[in-house]
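J.: What follows is a predicted structure for the sequence shown.
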Amino acid sequence: MKRLFVPEGKGECLTFPGAIELTFLVPGSATDGRFALFEDRVEPGMGPPRHIHENQDECFMVIEGKFLFEIEGEQNQAEVGDVALVPRKAVHAFKNIGDRAGRLRYLFHRPAHRRTCFGHSTKSNKMVN
C-alpha cells in the first residue's frame, strides 16, 4: 500500500455532464486493490440507473444534501451523516432529491477497473423514482 494525501477538491475526475462529477480520492492502485474511495457531486434530480457491481461491496455516506437510495427494491431517504451499505451483486441506485447539488463519499471494497465498476446497468435502467 502507498502513502497518499489528497487535498479537498483534488483527485482525478470523471464527469457525466449535467449529472454527476465523480472524483477518485483514493484509487485502488494506491491500496493494492483492497479498497478505493470516491466522492460524487450529484446535481438535483440526478443519479445513476439501477445497476450492480459483481464483485464489489459499496458503502456510501451522505456529506451534503438529501438522497434517495434504492437497494434491492427497498428505498430509504438519506441526509448528511447517513450511511448506506450495498453488498456485491445487489441491484441499487441513488438519486439526489434535494434542490441543490449534493455530495456522497463512498468506499469500494476490492475495486476493479473503473469501466468494470461504473459500466454495468441492469435491464431496468431507470433511476430511482
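T.: In hand now; what should we look at? Residues are numbered from 1 along each chain as shown.
J.: And the pLDDT for Asn96?
T.: Note on Asn96: pLDDT of 98.
J.: measure it to Ile63 for me?
T.: Distance of Asn96 to Ile63, computed by CB to CB, to the nearest Å: 12 Å. Just so you know, the C-beta spots here come from the backbone N, C-alpha and C atoms, and that holds for glycine as well.
J.: who's more crowded, the two?
T.: Comparing Asn96 with Ile63 by other CB atoms under 10 Å, the one with more neighbours is Asn96, at 27 against 13.
J.: Which element, helix or strand, includes the residue nearest the centre of the chain?
T.: Nearest to the geometric centre of the chain sits Tyr106, at 5.5 Å (CA atoms, centre = their mean). In this assignment (DSSP states H and E), Tyr106 forms part of strand 102-109.
J.: by contact count, what packs against that strand?
T.: strand 35-42, strand 57-64 (3 or more CB pairs under 8 Å, 6 or more residues apart in numbering; DSSP states H and E).
J.: just checking, next helix/strand downstream of the last one?
T.: For strand 57-64, the succeeding helix or strand toward the C-terminus, using DSSP H and E, is strand 67-71.
J.: Give the partner strands of that next one in its sheet and their orientations.
T.: strand 74-78 (antiparallel), strand 92-96 (antiparallel) (DSSP bridges).
J.: Quick one: work out the angle between that strand and strand 57-64.
T.: 170 degrees (axes from the mean of the first three to the mean of the last three CA atoms, to 10 degrees).
J.: please begin residue numbering at 14 from this point
T.: All right, first residue 14 from here; so that's strand 80-84.
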